[in-house]
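Chemist: model the structure of this input:
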Amino acid sequence: MRAYWQLTLAQLRIFLRNRQVLFWTLAFPIFLMVMLGSFLGNGNGVSLSIGVVDQDQSIQSKEFLSIMKQNEAIDLQKESNKDKAFEQLKKGDIQLVVVIPKGYGDSLAGSSESAKPLSLPVYYDETNLATSQVGLQLVNNAVDGISKEKVDYHPVITTEAKGIKTLHLEYIDFLVPGIVAMMIMSNNMNGVAGQIAAWRERGILRRMQGTTLKASTFIAAQISARLVLNGMQALIVLGVAHLIFGVEVRGSWFTLVSFVLLGTLAFMAIGFIIAGIAKTPESAAPIAGFLSFPMLFLGGVFFPIKNMPEFLQPIVHILPIAHLSHALRETMNVGASFISLGSEALILGGWLVGAFIVASYTFKWE
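Modeler: Predicted coordinates for the structure are as follows:
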């Protein structure tokens, strides 16, 4: 037990003395979080740019424009002529073009229930049907409102809108748990692989093997020291996210800490495998990077997994970082309990056990 505590404290001193590595392993996640959060943190709204060519210039056409402006989802842009508006549409600067033809005001002024409805041309981008359909629906809603007022329309059935309070989550709420998961993966998988490979090359592991030190004591000290380090770094990242963006932990801290523990152990085990395979510290870094880099984009760190192509879904759902980021996100944003995240815990536990079994065969003291 004494050897365990001494090794744990020695490993923590190594971390603290290497201030440059400690700074950058913490500074990079925070910098990435602040930059992405500042640019994309509030990017959950919908805004459509609609160009309007008013050829009528009547009181009725101006009323139509005012109705369109009332919708906050519409960015209304007045265009002088159709050619200029079509050019903007083809370049993607606007999503729809509405042309108010001459005679629009006279048609509304003399409208009746039996009169033929006026055709209002709306041009859209055929290559972006999803956005175009949303824009067409917004324009149709405005047109229907005007038609109902003009013909004195009385509905037979009405709806009663009843709001339900839901979580107001933005991109920053999605990003922060992913950043924590990324930091855990990088610190343990990449960090363990590089450090163990360097110690082996310098003969430190060989000298440890020559003592009465057990391998289990050495590994336990490594785990304890890195758990303390990861816990401190995660708290700092969450603290910065709360101060700058107001991000909160809605779930149990016990659940959050439990998954930080599971993630640390799973990625440490993978790091020991890499350290056993790599012959030199120079080869350990590329191997760890080869494994960690795809996980950043496939593991749900920056983008939702459900938005990825279907052929990648089976691969994505195997990755440990996908389950770690999902568990942290559900705990922080929704307040999910540990029991409800049992599948994530089992998969991370499976990675932990399986990787340590493989590491026991690949790990070498010399």
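
Chemist: every contact and neighbour count from this point should use C-alpha atoms.
Modeler: Will do.

Chemist: secondary structure class of the one residue sitting closest to the centre of the chain, three-state.
Modeler: Computing the C-alpha centroid of the chain and ranking residues by Cα atoms, centre = their mean puts Phe302 first, at 3.6 Å. Here Phe302 is recorded as coil under DSSP: H, G, I helix; E, B strand; the rest coil.

Chemist: can you tell me, leaving aside adjacent residues, what's nearest to it?
Modeler: Leu175 (6.1 Å; Cα to Cα, 6 or more residues apart in numbering).

Chemist: could you pull up phi and psi at the one you found?
Modeler: Main-chain dihedrals, Leu175, degrees, to the nearest 10: phi -70, psi -40.

Chemist: could you do Leu341 as well?
Modeler: Torsion angles, degrees, to the nearest 10, at Leu341: phi -100, psi 30.

Chemist: ditto for Val99
Modeler: The phi/psi pair for Val99 (degrees, to the nearest 10) is phi -110, psi 120.

Chemist: hey, what's it bridged with?
Modeler: Val53 (DSSP bridges).

Chemist: give me every residue that touches it.
Modeler: 52-55, 82, 120-122 (Cα atoms under 8 Å, 6 or more residues apart in numbering).

Chemist: gap between it and Ile318?
Modeler: From Val99 across to Ile318, the span is 52 Å (Cα to Cα, to the nearest Å).

Chemist: any idea how many residues pack against Gly231?
Modeler: Neighbour count for Gly231, taken as other Cα atoms under 10 Å: 16.

Chemist: same question for Glu282.
Modeler: Neighbours of Glu282 (other Cα under 10 Å): 12.

Chemist: and what of Gly103?
Modeler: That count, for Gly103 with other Cα under 10 Å as the rule, works out to 15.

Chemist: need the buried ones from the contacts of Val99 selected in ChimeraX.
Modeler: Selection of buried members from the contacts of Val99 for ChimeraX, criterion 16 or more other Cα atoms under 10 Å:
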select :52,53,54,55,82,122
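
Chemist: any idea how far Arg329 is from the residue nearest to Phe302?
Modeler: 9 Å.

Chemist: do Leu243 as well
Modeler: 18 Å.

Chemist: which one's more surrounded, these two?
Modeler: Each of Leu243 and Arg329 has its neighbours counted (other Cα under 10 Å); Arg329 has more, 25 against 10.

Chemist: what about the more buried one, distance to Pro286?
Modeler: Taking Cα to Cα, one finds Arg329 at 29 Å from Pro286.

Chemist: same thing with Ile305?
Modeler: 26 Å.

Chemist: more neighbours, these two?
Modeler: Ile305 (19 against 14).

Chemist: touching, that one and Leu298? I think so.
Modeler: Yes: using Cα atoms under 8 Å, Ile305 is in contact with Leu298, at 7.1 Å.

Chemist: which residues do these two both contact?
Modeler: Counting by Cα under 8 Å, 6+ apart, the residues touching both Ile305 and Leu298 are Val316.

Chemist: got a list of what Gly263 touches?
Modeler: 181, 184-185, 320-321, 324, 348.

Chemist: got a pLDDT number for it?
Modeler: As predicted, Gly263 sits at a pLDDT of 92.

Chemist: helix or strand: which one has it?
Modeler: helix 253-277 (DSSP states H and E).

Chemist: kindly report the same for Ser49.
Modeler: Going by DSSP H and E, Ser49 is in strand 48-54.

Chemist: before we move on, what about Gln233?
Modeler: Going by DSSP H and E, Gln233 is in helix 215-245.

Chemist: tell me the helices in the stretch 251-366 of the chain, going along the chain?
Modeler: Under the criterion DSSP state H, counting those that start in this stretch, the stretch 251-366 of the chain contains helices at 253-277, 281-298, 313-316, 320-329, 342-362.

Chemist: okay, now Lys91: neighbour count?
Modeler: Neighbours around Lys91, by other Cα under 10 Å: 9.

Chemist: on that earlier part again, save the contacts of Val99 as TSV, and put in distance to Thr211 too.
Modeler: Converted to TSV, the contacts of Val99 look like this (distance: Cα to Cα, whole Å):
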residue	distance to Thr211
Val52	82
Val53	85
Asp54	88
Gln55	91
Lys82	85
Leu120	87
Pro121	86
Val122	82
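
Chemist: make CSV from the contacts of Val99 and add pLDDT and distance to Ile219 to it.
Modeler: Listed next are the contacts of Val99 as CSV, based on pLDDT from 0 to 100; distance: Cα to Cα, whole Å:
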residue, pLDDT, distance to Ile219
Val52, 88, 68
Val53, 88, 71
Asp54, 88, 74
Gln55, 87, 77
Lys82, 85, 72
Leu120, 80, 73
Pro121, 83, 72
Val122, 85, 68
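
Chemist: quickly name whichever of the contacts of Val99 is closest to Gly354.
Modeler: Proximity of the contacts of Val99 to Gly354 (Cα to Cα) peaks at Val122, which lies at 59.4 Å.
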